[in-house]
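Enquirer: Any chance you can model this:
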Amino acid sequence: MPNENRPRAPRIFAALLGLIGLFLFCGGAWLLAMGGSLYYVIAGAAILLSSILLWMRNPLGSAVYQLTAMASVLWALWETGYDFWTAAPRVALLIVLMAWLYTPWVRRSLGRAEPDEESPNNDSSDKKAAAAIAITFLCGAALLGTHQLQAQTGPQHAATGRSAGEGDWRHYGNSIYGSHYSTLDQINRDNVSQLQRAWTYRSGDSPRESDLDGAFAFHATPIEIGDTLYFCTPHSSVIALNADNGQERWRFDPGADTANAFSLSCRGVAYHARQGASGACARRIIGATADARLYALDAESGQLCADFGKEGFVRLTDSMGDVAPGTYLVPSPPTIVGDRVLVGGAVAPDAASDAPSGVIRAFNVRNGRQEWAWDMGRAGNGPAKGAGDYTRGTPHASTPFAADPFLGLVYVATGGPPLVTDGTDLREFDKRYANSIVALELSSGNPRWSFQTTRGDVWDYGHVAQPVLVDLPAPGGVQRAVVQATKYGDIFVLDRATGRPVRDTYEAPAPAGSGLPLSRTQLRSEISLLPDPLGEKDMWGVTPLDQLVCRIKFKRARYDGPFTPPGLTPAITFPGAMGTIGWGGIAVDQRSKLIIVNTNAIASYDRIVRNEDGSYEKRSEPFLGPLGVPCNEPPWGFLEFIDLKTNDHFWKRPIGTARDSGPLGIPSMLPIGIGTPSLGGAIVTEGALTIHGGTADNYLRAYELYTGEELWRARLPAGAQATPMTYATSSGRQFIVIAAGGDARLGTKTGDYLVAYALPQG
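Expert: Purely as a prediction, here's the structure:
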């Protein structure tokens, strides 16, 4: 006889199931109407039925829910395969709710006898319930089995035994070739696990109330010359440190007006030594401020060089016409070749056609006088000599340059055109030089050749990575090449004397429509790290609910591959604003001709809107679900290895854990590898190591170069959205240094730290 004293049904639980079922059913019907998956309608209806039965205290409700959960596991298995991060949002919540459904207090409320009642059916019912739970959990566990991307076997390497010679890191990329490669191998794959923190320096530079939102970012990569480190801070201070112990030697504050700067990302400074000279300013540090002033400092004391420009400064906005404060600045270190300082600039991303010019200029390193300027708007008549009002709104070049003194050329990677919503306004030189690699003559600034990688850019695919020069083996000799990584993920390899491709390229069809005059094809490279195209099955979320929202957003938007044009209705750009390859660029092992690069796979949700004044603007935001996590499934960040000699893609590894990120921006604290997005590049050393920070989980890591195996990691006090560097001092000790300052785009912790690691002394 039933126990009349059993507790009332847990109707709150039934009501919760009802809300979940209603959401899945209604959202699923909307998705189905757009041609999406049928699953959500069926699952929603089944969960609604289960909730009604549970509300009525009918044990059949638990059976219906159990069948729904088990069917969902099979559906997830069919749709995703055995991958933890893609399957979890489909089934984890349902499994957790089923576990709650079989708790004793819920089961008793559904007509089950109390445990102490004598009933011959109690034991068998308990065993059946336990078996049902076990089967579902085993299916879920099988489905949620982790899936690792397997590495192919790469070339083998042995340490050279070279002592810590050639220890300086003299340029942003260690050389004017921009390779981010070091011949040091004191720290190598056999002993990297013994690395210890050697010292930490705090600059004291932190966000200010006057800074624009998201502008502050400590992206600096120091240079090291003669046992001294030199670097700049977000607010443009320059600091020199003892390279052995991190103690400050001098500090220079230029008093920059940074209140309206759209970016506070000073990525480095440059160095020049006058051969045979001595005394003050014989050795100089050259850099630029956030308010667009070029300066020269004495490397020994940090004092301004009075013979450079006007009392040590050259104002870069002079002769550029009206320049609104903060709309033009120089984020990258200048490039110094011989006695010339070469500098470009960055223009605010929302600037219109009347924005400042993207002119490239050369200044004399001794006196600051301008020697030439390449204004692409005057390209038909050669570069403008001296000062003048340069053509406004031209594509700019915010990346570091690379140079080949032997050929007498400097290689400039340009950004996109200023107008991304109305291609009809593009001028002929915009169409020719935007999104291009341009080789300029060091002596005059005249363009020798140019090579365009994206035509009619409306996706923000302008170059952000530094060109890299590499000498490749070729029949009968050496092929002098320039390697350019594009934001969307293709890597072009060109003859650096002529600009002709030395690796195959091809024309790929590009989608039309959206009312913009788009190119019918886009040039693609045989070396491509472009992520696989998105589909509805690739949508993600923490639960089936927010995953359903992402599926609906995906089906509502237009998506036709990486060159989907924005329009008045939503469009998905993938890769999105972060790009596949960011400003950290690529690292090249100059001995073995291997590329190491960190890549991202995050989409953007774009739309062109019409303002009240009749103008149009492109609005772009990350493609996120309601809980603030990306709508496309992880991994979102990788480290990849390519052999330039053969174009073989040897390995691709997800990097970064979920420890410092999570729904609604709340850190999950889970040290589980998920593959986070990253900002900042990698370096390669002769010790068969790749060193990389950049991920959203505040770690610096070392990987075995040829397999991608993680050999060492160190927890950092803030996000390491910067490119590391390495050097050896006169003491013979090798150090690895990285800036840990965070970045608002990744939501990482802000800081002012410069952290150095080395092997234990002795």
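Enquirer: List the buried residues of stretch 437-448.
Expert: Residues of stretch 437-448 classed as buried by neighbour count (16 or more other CB atoms under 10 Å): Ile437, Val438, Ala439, Leu440, Glu441, Leu442, Ser444, Gly445, Pro447, Arg448. For every residue, glycine as well, the C-beta is placed using N, CA and C.
Enquirer: any chance of those residues in TSV, with secondary structure, pLDDT and distance to Gly268 too?
Expert: Listed next are these as TSV, based on DSSP: H, G, I helix; E, B strand; the rest coil; pLDDT from 0 to 100; distance: CB to CB, whole Å:
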residue	secondary structure	pLDDT	distance to Gly268
Ile437	strand	98	21
Val438	strand	97	22
Ala439	strand	98	23
Leu440	strand	97	21
Glu441	strand	97	25
Leu442	coil	96	21
Ser444	coil	94	27
Gly445	coil	94	23
Pro447	strand	95	26
Arg448	strand	96	26
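Enquirer: Can I get those residues in CSV including distance to Ala273?
Expert: Supplementary listing: these in CSV, determined by distance: CB to CB, whole Å:
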residue, distance to Ala273
Ile437, 29
Val438, 28
Ala439, 26
Leu440, 24
Glu441, 24
Leu442, 18
Ser444, 25
Gly445, 24
Pro447, 30
Arg448, 28
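Enquirer: how about the residues you listed, which pair is most distant?
Expert: Within these, Ile437 and Ser444 form the most distant pair, 18.5 Å apart (CB to CB).
Enquirer: wait, Asn647 sits on Ser525?
Expert: No - taking CB atoms under 8 Å as the definition, Asn647 is not a contact partner of Ser525, at 9.7 Å.
Enquirer: more crowded one of these two?
Expert: Ser525 (22 against 15; other CB atoms under 10 Å).
Enquirer: Once you drop chain neighbours, what's closest to the more buried one?
Expert: Counting by CB to CB, 6 or more residues apart in numbering, Ser525 lies nearest to Asp490, which is 4.2 Å off, once chain neighbours are set aside.
Enquirer: How many residues are close by that neighbour?
Expert: What Asp490 shows, counting by other CB under 10 Å, is a neighbour count of 25.
Enquirer: what does the one 5 residues further on give?
Expert: The number of residues packed around Asp495, counting by other CB under 10 Å, is 15.
Enquirer: In the stretch 501-650 of the chain, mark out all the helices, start to finish.
Expert: Secondary structure of the stretch 501-650 of the chain, counting by DSSP state H, counting those that start in this stretch: helices at 544-556.
Enquirer: Burial check on Arg591, number of neighbours?
Expert: Residues near Arg591, counting by other CB under 10 Å, number 12.
Enquirer: no wait, Glu209
Expert: 5.
Enquirer: Tell me the secondary structure at it.
Expert: At Glu209, secondary structure determined by DSSP: H, G, I helix; E, B strand; the rest coil is coil.
Enquirer: Helix or strand next in line after the lowest-mean-pLDDT helix or strand in the chain, which one?
Expert: Among the helices and strands of the chain, helix 122-143 carries the lowest confidence by mean pLDDT, DSSP states H and E, at a mean of 49. Per DSSP states H and E, helix 122-143 leads on to strand 181-182 as the next helix or strand towards the C-terminus.
Enquirer: so what strands line up beside that following strand?
Expert: In the sheet, strand 181-182 lines up against strand 682-685 (parallel) (DSSP bridges).
Enquirer: How confident was the prediction at the closest residue to Gly415 other than its chain neighbours?
Expert: Setting aside the residues directly before and after it, Gly415 is nearest to Gly462 in space (CB to CB, 6+ apart), at 3.1 Å. On the pLDDT scale, Gly462 is placed at 93.
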